[in-house]
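> model the structure of this input:
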Amino acid sequence: MAKFMSDTSNPHRLVAAMRGLSKSLTSQIYITWRLLNDPNEKILVMSAGSDRAKSYTQFVKKLIGLLPLTKPMMPQHNKQRTSTQMFDVAGAGASDSASVYAVGAGNQLAGFRASLVIYDDVETAQSVESTVMMEKNNTYCMEAQNLLMSGKDESITCCTPHSMSSMYVDWIDRGVVPFFIPAEVPDSDANYFGGLAPFVQDMIAEGLIGLAVDERLNKEFLMSKKVRIGKSKYKLQYQLDVSDADDLRFPLKLSDLIVMDIDNDVAPLKISHSSMPENNLYIKHNGFKADKLYSPSYVAPEVAPYEMKLLSLDPSGKGKDEMGISLIFSLNTRLFLKKITGMQGGYEDENMINIATLCKDYEIDTLLIEENWGGGMFTKMLEPHLRMISPKTAIDEVNVRGQKEVRIIEALEPLANQHRLIVDKDTLDKDKNASIINSFTYQWSKITKERDSLRADDRIDSLANGVIYMIDKMSDDEEFGMGSFREQEAEDNLKFTMNIFGQTQRASDNYGDVF
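Numbers count the residues shown, from 1 in each chain. Now for the predicted structure:
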């Protein structure tokens, strides 16, 4: 790890390891070495909380005073800053920024400068509880990057990831070089983003799978931890494997959807889901990067008109919120999401006209609006436009109750698990260009049951309301639907045949009357 720390060919490095493997100690020694070589270094240390950051810098200061080589670097009283939160080293030039200073994520940073940023466990189990908290934390960390001076663009991240949605994963995608040191030798390097420590890879090659990586955390200690905290948490915290960390927290998976072109008027009576590689669509989306979108493995040639067409509207009003709009069609056992989008603004005539025009263009049977939003005023404002532009569309209102996030997940998860939600491919192609927080695939993937887990949820909320409204009207037996279709088809053929036969018979009778 020390060799990795001093490898300046990679200016942004992420060292993921158990705290017992001394990633922080290694970086503290590295800071001391840098200050010895250049007392004018400006090193910012950021942790999740200011107390943790102060503990880090306090140890650096103690380390400088303990080592004979660095002891002359101790800050000079009454001449330099000497506190544990920020201190200078002897020989440093006058500057408004200390040689080493500590901040918690979210603390004031303006006015400081840095030649190196150390992120020391800026992410915690609490900070990944919701998407909003994760985004805030990431914003605080990016502010520290703005303090780096020209020609001194360098950072080291000492961390233990807590989730597949961890901001550390996003940093790796943006070019930060990872270096993973799990406490136990894994069976492969597949889940470490290409950054498993080389010496751990050598241990895998030697067949040492399951053994402790470091003698300080022996096998007995690790097994006791596994028993005490459970396999899932052990896999995350000790093996640093985030691949399964979000299965329960983020219940909606893009891979459960079926993606295909959806016709405006008819749909297949039977569609089969498949997650085989040949069905992977490789469509870009705003969900988790490991999640995939799939086309159906089978589409029946038999088609039928939709049983119902619904436009579900979440009228969120003005400001940063959108009006969430979902166009949902039903047939047999499935719902077809033809369009999901949003409109900015509130009661403007332009929005009312656009909504009514959508109803006309897609021949919508029912327009669904939340009754408990605006005291029914939105409905009253929309009605005259709807009567003028799409008079065949009826308006219905729904009164929603309970925590929004729980209601959305409970409505959509069963439908997705059974692969009964079909999404239009063109809609997803357009969705990737939406702003991140307003993207359907982002809201679908990142919603959790925690309150305010999303900064914006208008689109997925409109979908959930529509699903709840339509679910009782859906058939729950695909084969029954196919059978009904065949019976109706046979009955129509018989009527057609009898009609032709009847016309022929009447023509014959009329011909006989002539003579």
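> all helices for the stretch 351-500 of the chain, in order.
With helices called from DSSP state H, counting those that start in this stretch, the stretch 351-500 of the chain shows them at 377-389, 404-417, 425-431, 440-446, 458-471, 478-514.
> model confidence over the third one, on average?
When you say that, I think you mean helix 425-431. If you average the pLDDT over helix 425-431, you get 94.
> give me the contacts around that helix.
With Cβ atoms under 8 Å, 6 or more residues apart in numbering as the test, helix 425-431 has contacts from 259-262, 281, 283, 285-286, 293, 337-341, 439-441. Using the backbone N, CA and C atoms, a C-beta is placed for each residue, glycine as well.
> least confident of the helices of the stretch 351-500 of the chain, on average?
Confidence, taken as mean pLDDT, is least for helix 478-514 of these (a mean of 58).
> ok, Lys235 touching Leu222?
No - the criterion here is Cβ atoms under 8 Å, and Lys235 misses it with Leu222 at 11.7 Å.
> overlap in contacts of these two?
With Cβ under 8 Å, 6+ apart, Lys235 and Leu222 have no common neighbours.
> hmm, back to that, can you flag the buried ones in the contacts of helix 425-431?
In the contacts of helix 425-431, burial by neighbour count holds for 259-260, 262, 283, 285-286, 293, 337-341, 439-441, counting by 16 or more other Cβ atoms under 10 Å.
> grab the nearest non-local neighbour of the residue nearest the centre of the chain.
Residue closest to the average C-alpha location in the chain (Cα atoms, centre = their mean): Lys446, at 3.7 Å. In this structure, Lys446 finds its nearest non-sequential neighbour in Thr131, 4.6 Å apart by Cβ to Cβ, 6 or more residues apart in numbering.
> and that neighbour, how many neighbours?
Burial of Thr131 is recorded as 22 neighbouring residues (other Cβ atoms under 10 Å).
> measure it to Arg455 for me?
7 Å (Cβ to Cβ, to the nearest Å).
> cool, and Leu254?
19 Å.
> any stretches of the stretch 51-200 of the chain with poor pLDDT?
164 (pLDDT under 70).
> all strands for it, in order.
For the stretch 51-200 of the chain, applying DSSP state E, counting those that start in this stretch gives strands covering 86-87, 100-104, 116-120, 155-159, 177-181.
> Ala105 against Arg52, yeah?
No - Ala105 lies out of contact with Arg52 (Cβ under 8 Å); the separation is 9.8 Å.
> quick one on the thing from earlier: overlap in contacts, Thr131 and Arg455.
By Cβ under 8 Å, 6+ apart, no residue touches both Thr131 and Arg455.
> if we can go back for a sec, out of the buried ones among the contacts of helix 425-431, who's nearest Ser150?
Checking these against Ser150 by Cβ to Cβ gives Asn286 as the nearest, at 33.3 Å.
> how is this structure carved up into domains?
Annotated domains of the chain cover 2-181, 254-471, 486-515 [automatic domain parsing].
> kindly reformat those as JSON lines containing distance to Val242.
Formatted as JSON lines, these follow (distance: least, Cβ to Cβ, whole Å):
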{"stretch": "domain 2-181", "distance to Val242": "5"}
{"stretch": "domain 254-471", "distance to Val242": "10"}
{"stretch": "domain 486-515", "distance to Val242": "49"}
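> right, so of the ones you listed, which gets closest to Gly195?
Distance to Gly195, taken as Cβ to Cβ, is lowest for domain 2-181 among those, at 2.9 Å.
> distance from that closest one to the middle of the chain?
On the basis of Cα atoms, centre = their mean, to the nearest Å, domain 2-181 sits 28 Å off its chain's mean C-alpha point.
> now swap in stretch 300-309 and tell me
In terms of Cα atoms, centre = their mean, the centre of stretch 300-309 is found 33 Å from the chain centre.
> for that stretch, list every residue counted as buried.
For stretch 300-309, by 16+ other Cβ under 10 Å, it's 300, 304, 306-309.
> in strands, which of those residues fall?
Of these, the ones assigned to strands by DSSP state E are 304, 308-309.
> I'd like those residues laid out as a markdown table, including pLDDT and distance to Met167.
Output for these, formatted as a markdown table (pLDDT from 0 to 100; distance: Cβ to Cβ, whole Å):
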| residue | pLDDT | distance to Met167 |
| --- | --- | --- |
| Ala304 | 93 | 47 |
| Met308 | 95 | 42 |
| Lys309 | 97 | 41 |
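> where are the low-confidence patches of the stretch 251-400 of the chain?
Judged by pLDDT under 70, the stretches of the stretch 251-400 of the chain that qualify are 316-320, 372-375.
> strands of that one, residue ranges please.
258-260, 266-268, 271-272, 298-299, 303-305, 308-315, 322-331, 334-344, 366-370, 394-398.
> which of those sits closest to Leu415?
strand 334-344 (6.8 Å).
> work out the gap between that closest one and the centre of the chain.
With Cα atoms, centre = their mean, you get 19 Å for strand 334-344.
> partners of that strand, with directions?
strand 322-331 (antiparallel), strand 421-424 (parallel) (DSSP bridges).
> between helix 404-417 and that strand, find me the angle.
140 degrees (axes from the mean of the first three to the mean of the last three Cα atoms, to 10 degrees).
> check contacts around Gly195.
14, 16, 172, 177-180.
> and the residues you listed as JSON lines, adding distance to Ala356?
Shown next, in JSON lines, are the contacts of Gly195 (distance: Cβ to Cβ, whole Å):
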{"residue": "Leu14", "distance to Ala356": "52"}
{"residue": "Ala16", "distance to Ala356": "53"}
{"residue": "Ile172", "distance to Ala356": "47"}
{"residue": "Val177", "distance to Ala356": "54"}
{"residue": "Pro178", "distance to Ala356": "52"}
{"residue": "Phe179", "distance to Ala356": "57"}
{"residue": "Phe180", "distance to Ala356": "55"}
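> neighbour-wise, which one of those residues leads?
Ala16 (26 neighbours).
> mind checking the SS state of that one?
strand (DSSP: H, G, I helix; E, B strand; the rest coil).
> I'd say it and Tyr168 touch.
Yes - if you go by Cβ under 8 Å, Ala16 and Tyr168 touch, sitting 7.1 Å apart.
> overlap in contacts of these two?
159, 161.
> how many residues are close by the nearest residue to Thr393 once chain neighbours are set aside?
Excluding its sequence neighbours, the residue lying closest to Thr393 (Cβ to Cβ, 6+ apart) is Cys359, at 4.3 Å. Each residue near Cys359 was counted by other Cβ under 10 Å, and the total is 26.
> contacting residues for Cys359?
Per Cβ under 8 Å, 6+ apart, neighbours of Cys359: 311, 367, 386, 389-390, 393.
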